Structures are given as C-alpha cells and as structure tokens.
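# Mind looking at a prediction? Sequence and model below.
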Amino acid sequence: MALLESIKIPLGTQMPSFSLKDTAGKVFKSSDLYAHNGLLVFFTCNHCPYAQAVWPRVIRLGAYASTIKIGVVAINPNINPDYPEDSAEGMVKKIKEFKIPFPYLVDDTQKVARDFKAQCTPDIYLFNKNKELVYHGRIDDNWKEEAAVTREELKSAMSNLVSGQGIDSKQYPSMGCSIKWCSE
C-alpha cells in the first residue's frame, strides 16, 4: 500500500461534471447531486486502512452536510480486479454495514477520479453552489484516532461555506492509500 497525499488543486477550480452508477445500476449525474449550498465529494474505497478509519466520520459529516443543504457523494475509483474487496459487491456490503445514507458510486473506468486529479483514498473535495472548489483537504487533524482530533477542518469549512464566512485557504492534504489505477 503506497501512502500518498492529495495534490494541491487551486481553489476556485470548476468541478468536473460526471455521470456514474451506483451498485444497483442507477445513474447519478453530478448536477443532480448538488444541494442548495454545494456538493461534498469523497473518493474512497473499502480496503484502505485510512479510508476504513474515517468511514464513520464521513457518514456523520454526510449527515451534517445534509442538514445544511450540501449534497454528498462517495465515489470508489478502485474497481480493479487485484482488489476484490473494492468491487461493487464489496461496496454493497459496506453500504449495508455502515448504513451509508448517500450515493456510493462506481468509477469503473477511473475517468472521474482522473478528471478530479484524485490521488488517494480518501481524497475530499467541497464545492460551493457555483461548482467552485472551496476545500480540498483532510477531514480533521488525526485520521487514526478520532478521540485525539482537535480540529474538524472539513466540518468547519462546510459551516463557513454555508454561513458566508471565509474558508481558510491553508488546507492540509488528505492522505491515504494510492488509488489502484488499472493498467492502460
């Protein structure tokens, strides 16, 4: 497992549009996932220990986002035969296990991950209602031990977005396992 950090993407970057299916084959368009105040996009998977450690926080943050009218979507780019735990079948198990309340979509071509320049799982993007990137960083300051968290950076960014306060431009990268790119 190669540990990577998310790369710096200029704030204000327009969100790439996409159309992906969930594990049941239902198609979701990015434009339909937007809520009044924006969209939170998580690139994640099932097997990575970094992703596993933060899944419960991702679900709570997703619930919080919905209360402040920010849409939420998780996207799995690790549809790679070498990682069967990340298959659509594995996603179905994860959805049931964690009762994931927002769409968890299959990026089987990995095109969407490439369009976003996603590098790792998790890789997190928050877009405002104008589809401009306002946050691209970590969830909080301790991925490993939730009890040791002192700064909930993503939650603060969402709150500030909705309240019209500025979002801190000093953003720390997310880190996790590298996306398991299929050979081309």
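Nice, I can see it.
# Between its first and last residues, how far does stretch 146-162 reach?
For stretch 146-162, the first-to-last residue distance is 25 Å (Cα to Cα, to the nearest Å).
# Give me the contact list for it.
Residues outside stretch 146-162 that contact it (Cβ atoms under 8 Å, 6 or more residues apart in numbering): 37-38, 40, 53, 56-57, 61, 64-65, 68-70, 124, 126, 128, 134-135, 137-142, 165-168, 171-172. Placement of C-beta: from N, CA and C, glycine included.
# how about the helices in this structure?
Assigned by DSSP state H, the chain shows helices spanning 30-33, 49-67, 88-98, 111-116, 153-163.
# can you put the ones you listed in TSV and add distance to residue 10 and mean neighbour count?
TSV is the format used below for these (distance: least, Cβ to Cβ, whole Å; neighbours: other Cβ atoms under 10 Å):
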stretch	distance to residue 10	mean neighbour count
helix 30-33	19	15
helix 49-67	23	18
helix 88-98	31	15
helix 111-116	13	18
helix 153-163	16	18
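# quick one: low-confidence parts of the protein?
1, 183-184 (pLDDT under 70).
# so who does the residue nearest the centre of it touch?
The structure's the chain has its C-alpha centroid closest to residue 42; by Cα atoms, centre = their mean the separation is 0.6 Å. Contacts of residue 42 were listed using Cβ under 8 Å, 6+ apart, and they are 58, 72-75, 122-124.
# can I get the helices of the chain in TSV with distance to residue 21?
What follows is the helices of the chain, written out as TSV (distance: least, Cβ to Cβ, whole Å):
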stretch	distance to residue 21
helix 30-33	13
helix 49-67	19
helix 88-98	9
helix 111-116	11
helix 153-163	26
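# what's the closest of those to residue 181?
Minimum separation from residue 181 across these (Cβ to Cβ) falls at helix 111-116, 8.5 Å.
# Give me the helices and strands touching that closest one, please.
Here helix 111-116 touches strand 39-43, going by 3 or more Cβ pairs under 8 Å, 6 or more residues apart in numbering; DSSP states H and E.
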